[in-house]
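Trainee: any chance you could fold what I've pasted below:
(2 chains)
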There are 2 protein chains.
Amino acid sequence: MPVPVWSVDPRTGQRRERAATEADAAAVDRAVNAAHAASAALADRATRATFLRAAAALLEEEAEAVVAVADAETALGPGRLTGELARTAYQLRSFADVVDEGEYLDVTIDHAAPELIPPRPDLRRYKLPLGVVAVYSASNFPLAFSVPGGDTASALAAGCPVVVKAHPDHPATSELCAALLRRAAERGGLPAGVLGLVHGFDAGVALIDHPLVRAAGFTGSVRGGRALYDAAAARPHPIPFYGELGSLNPVVITEAAARERAETIGEGLAGSMTLGVGQFCVKPGLVLAPATEAGDRVLASLTEAVGATPPGVLLDARMRDAFVAGVRKRAALPEVRAGLPGEGAAESGPRSPDGSVRAGVLTVPAAYLAAEGPYDLLLEECFGPVTVVARYAREEEIGAVLRRLPGNLTATAQLSAAECGADETDGAQAAEEPDEARRRAARLLEQLTPLAGRLLVNGWPTGVAVAPAQHHGGPYPATTSTTTSVGTRAIDRWLRPVVYQDAPPALLPPELRPHNPLGLPRRVDGRFEPRA
Amino acid sequence: MPVPVWSVDPRTGQRRERAATEADAAAVDRAVNAAHAASAALADRATRATFLRAAAALLEEEAEAVVAVADAETALGPGRLTGELARTAYQLRSFADVVDEGEYLDVTIDHAAPELIPPRPDLRRYKLPLGVVAVYSASNFPLAFSVPGGDTASALAAGCPVVVKAHPDHPATSELCAALLRRAAERGGLPAGVLGLVHGFDAGVALIDHPLVRAAGFTGSVRGGRALYDAAAARPHPIPFYGELGSLNPVVITEAAARERAETIGEGLAGSMTLGVGQFCVKPGLVLAPATEAGDRVLASLTEAVGATPPGVLLDARMRDAFVAGVRKRAALPEVRAGLPGEGAAESGPRSPDGSVRAGVLTVPAAYLAAEGPYDLLLEECFGPVTVVARYAREEEIGAVLRRLPGNLTATAQLSAAECGADETDGAQAAEEPDEARRRAARLLEQLTPLAGRLLVNGWPTGVAVAPAQHHGGPYPATTSTTTSVGTRAIDRWLRPVVYQDAPPALLPPELRPHNPLGLPRRVDGRFEPRA
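Mentor: Prediction:
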């Protein structure tokens, strides 16, 4: 008997519709084999670029329907989801451009050098797709990190067929998006198997173990991600597992910054930590603020803005319960204060009558976090709209806390104008004679850099731009590798290099032939030659 | 009581000298901590480049002593070891050049684009060293893949201090080379801890588990490499493990190639498989040759040349025993012939009176390898001077055997002039109308490509050029990742990207500042700008 997969409305907890059925081992095997069979059809770069653009266009054409079902399943709201759809379409087109430009192939040619000892042969390297990729969807991005999201787009761009494991929070959205992607594939003459979709916990486990699956992308919890990472590593033939698992995203506010713009910082922080009901992997979850009058003003502004934020509905009941329990457990630690004015600890994140939750702020003396103990709980991510403000009495406490943090996707410094060296136009000259404020800021950035893959000054970590320079990754557990899952470089995860030694021109792939028939950018004898 | 580590002469099996002592957990901890403490001193690129060049120069200055001790411990011979030392010095200097050029930093800058929806911030990405790197030395390259070898050179170039686990086959060489590297470090003002060296099996296990070790490089057996890979993945904070484990390196000889140059092919193959007494990871271990008269001539030429090769001494007694046992077990399979004319199966790789072994050739009908069974043994690497020649009666058998192979470092095609399209100067035009010979050759390359990271036509896989286009890696078990351990790109393994978002110029690292004070090659708003 097939196990039904229900689409649930998180606003009411009621089942909306039967969206799909769970995939058993045989169904997973069929999806993977269909994907594998589609590999050859994906080999042509132009076909892939057309496919990715067609997918973007279809998503936009069907935006109303997609946003409606995604909102019904996730309660993220039409505004946010419309933006997410635009981002997803942009991402698909970006990877189409990446495919067209061809720099991702990293074509590198060293001509034979018979005069060297030993003589060097002719070597020509480029990159080939790894094979079928498994993509594990995220709960909190039903589009941008799910079926039509960055992992899928970058894998397809690389020439890898994809089998997506749907997230149980949005099975209907997943089905609709998969249908759109398949329609785009078929319009471009590609087999529908190029994009598979499976539902159910067991399907996810079967997928990571399938011999034809050659790499996996994952966005989710430390627990789930680590289990799949371990399974990928334990295979007879291990495969790369690119997981984004969890992040605290520390923010440090200097005393000078607090004095200069306490209100702006408090409001900015409130906006970032409550965005999408706090359900971002880059939500700022730990804030180091000075235990001074200026710091009090930051906190006042933060709690006021957070208090004014309307309650929100989390993605599912399990997350809501985990959030409420997590906040309560943290707030129950001695000396931890729930910083919503007029509300007690037990109320700082409760389930409200309609199933929604209120955003909360917890405060604690930073010194409590500097040594191992029960306060370590505050150094663990709490998914949802809550942040911990650790008040430091002395600058040294900042380093003491930062040294105890696990890896992060982001780390943020809120600095004053003088700390930024705002009167200077270029760091080159300024570096010669930094003043005390600049030295302090530089020291702080030096402490933050080992902790994260993205470092922000006077910004907020929510919002991850899709751009060539982007890096969305960080030391474990932020990610399980040194790669990025956002931006152009995300394609690198699904490729392997191959070098041809002394192969005759007629037998070389066109990408590597002497007269560069495809006009690709290449590195020839150590020199970069841009696209012809 | 410290456990002594003996240097052993493999020619006699006698202990030469007490070279070192095994490192216990405390000693490993000291070495890793000393390396970690040296990280800051390695941060400067110019210092690293100077250090790498000084190390190359010192190796060359002490070449006589280094070659002498390496030969005494490995029996590889002064000729080969002198060449290996030159390669090692070249490699150190190559990575100094890589550091100077700075392209490995992958500096990528996207200027802020406030007009986009959502607006894009200023993003500037480069790469930072991962931290302390553990390097596990290879038995068969006491220099080029050991203490001063490619993993060490590329890790130091990246700015990562290194702790080497010495291979028990050459502890004295390891100590000497480590002393030279440390002398080079100290001359350049670097702490000696930048290069640690530990001996002993337990030390290797402690090293992979040490919290401050952030990545590992390994060259060796599937068994040892997999155990360390598993340990690296099982850590609370998993680390990348770049292992090169084992490879069969298939060679396919077409009937047309055999007709055209049977003798050249036979002699070339003999030279490649017996080079260094067959102790190369890229030794051709499986050869598909036609079961025809032309194929007979290849085999005759091969066995004659192999028979004329003087016996050689393997790296240690354990390897010699494993080789002799491996050859006997394979030769004992029904229908497997030991192809040294005049010698029986049991003699095709025996221990000779002085402890050396004779090279051997085994032949088998290719059809026996096309399905699972006892002949699978012939698809496993046998380390030492032996190769398996599988004779195919029909072209289809080639594909049937190739499909059963595990991943490889290399795959080689021996083709005729017509199959190469030798009368054509550029493949671009030729691709339009390939004749039957060319089509056959293209089909063959298509079958070989999924199997390996380096594909050769009419060459032999031994000899891995140090060059930007090189790729030394392949599908598991050839390597445990998609990276290379030889060539410029080997540095990528020890780096992680970091992006700065909206950081003020004065606080940016010089590599990322607006006016490019270091003159680095950069990719700005999607366009590559070469080194200033």
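Trainee: most distant residue from the centre of chain A?
Mentor: A:E115 (48.8 Å; C-alpha atoms, centre = their mean).
Trainee: and the closest residue to A:T292 other than its chain neighbours, how many neighbours does it have?
Mentor: Spatial nearest neighbour of A:T292, excluding adjacent residues (C-beta to C-beta, 6 or more residues apart in numbering or on different chains): A:E255 at 5.9 Å. Every C-beta, even on glycine, is put in place using the N, C-alpha and C of the backbone. Counted with other C-beta atoms under 10 Å in any protein chain shown, the neighbours of A:E255 add up to 19.
Trainee: which residues touch A:G285?
Mentor: By C-beta atoms under 8 Å, 6 or more residues apart in numbering or on different chains, the contact set of A:G285 is A:247-250, A:273, A:381-382, A:386-388.
Trainee: apply 10 Å and report the result again.
Mentor: A:G285 makes contact with A:246-251, A:273, A:278, A:378-384, A:386-388, A:408, A:461 under the criterion C-beta atoms under 10 Å, 6 or more residues apart in numbering or on different chains.
Trainee: among these, the buried ones, what's the ChimeraX command?
Mentor: In ChimeraX syntax, the buried subset of those is picked out as below (16 or more other C-beta atoms under 10 Å in any protein chain shown):
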select /A:246,247,248,249,250,251,273,278,378,379,381,382,383,384,386,387,388,408,461
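Trainee: okay, now the unreliable bits of the stretch 201-350 of chain A?
Mentor: Scanning the stretch 201-350 of chain A with the threshold set as pLDDT under 70 gives A:339-350.
Trainee: quick one, strands of it?
Mentor: According to DSSP state E, counting those that start in this stretch, the stretch 201-350 of chain A carries its strands in the segments A:213-219, A:241-244, A:250-253, A:286-290, A:337-338.
Trainee: now, which of the contacts of A:G285 lie close to chain B?
Mentor: A:P461 (C-beta under 10 Å from any C-beta of the partner chain).
Trainee: can you list which of the contacts of A:G285 are found in helices?
Mentor: Among the contacts of A:G285, the residues falling in helices (DSSP state H) are A:M273.
Trainee: is the lengthiest helix in chain A anywhere near chain B?
Mentor: Longest helix in chain A by number of residues (criterion: DSSP H): helix A:78-101. Yes: using C-beta under 10 Å from any C-beta, we find that helix A:78-101 touches chain B at A:83, A:86-87, A:90, A:97, A:101.
Trainee: neighbour count added to these, as JSON lines?
Mentor: Putting these into JSON lines (neighbours: other C-beta atoms under 10 Å in any protein chain shown) gives the following:
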{"residue": "A:G83", "neighbour count": "17"}
{"residue": "A:A86", "neighbour count": "18"}
{"residue": "A:R87", "neighbour count": "22"}
{"residue": "A:Y90", "neighbour count": "15"}
{"residue": "A:D97", "neighbour count": "14"}
{"residue": "A:E101", "neighbour count": "16"}
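Trainee: low pLDDT regions in chain A?
Mentor: Low-confidence segments of chain A, defined by pLDDT under 70: A:339-354, A:422-432.
Trainee: quick revisit: tell me what the longest helix of chain A is packed against?
Mentor: helix A:45-61, helix A:63-74, helix A:150-158, helix A:171-187 (3 or more C-beta pairs under 10 Å, 6 or more residues apart in numbering or on different chains; DSSP states H and E).
Trainee: on the three-state scheme, A:G453 is what?
Mentor: strand (DSSP: H, G, I helix; E, B strand; the rest coil).
Trainee: that one is in contact with A:R489, isn't it?
Mentor: No: in this structure, A:G453 is not within contact of A:R489 by C-beta atoms under 10 Å, at 11.5 Å.
Trainee: anything in contact with each of these two?
Mentor: With C-beta under 10 Å, 6+ apart as the test, A:G453 and A:R489 both reach A:470-473, A:483, B:125, B:497.
Trainee: in CSV, list those residues along with neighbour count.
Mentor: What follows is the shared contacts of A:G453 and A:R489, written out as CSV (neighbours: other C-beta under 10 Å):
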residue, neighbour count
A:Q470, 27
A:H471, 33
A:H472, 27
A:G473, 30
A:T483, 22
B:R125, 28
B:P497, 24
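Trainee: stretch A:1-17: how far from the chain's middle?
Mentor: The chain centre lies 27 Å from the centre of stretch A:1-17; the measure is C-alpha atoms, centre = their mean, to the nearest Å.
Trainee: what distance do you get for A:H199 to B:A89?
Mentor: Distance, A:H199 to B:A89, by C-beta to C-beta, to the nearest Å: 58 Å.
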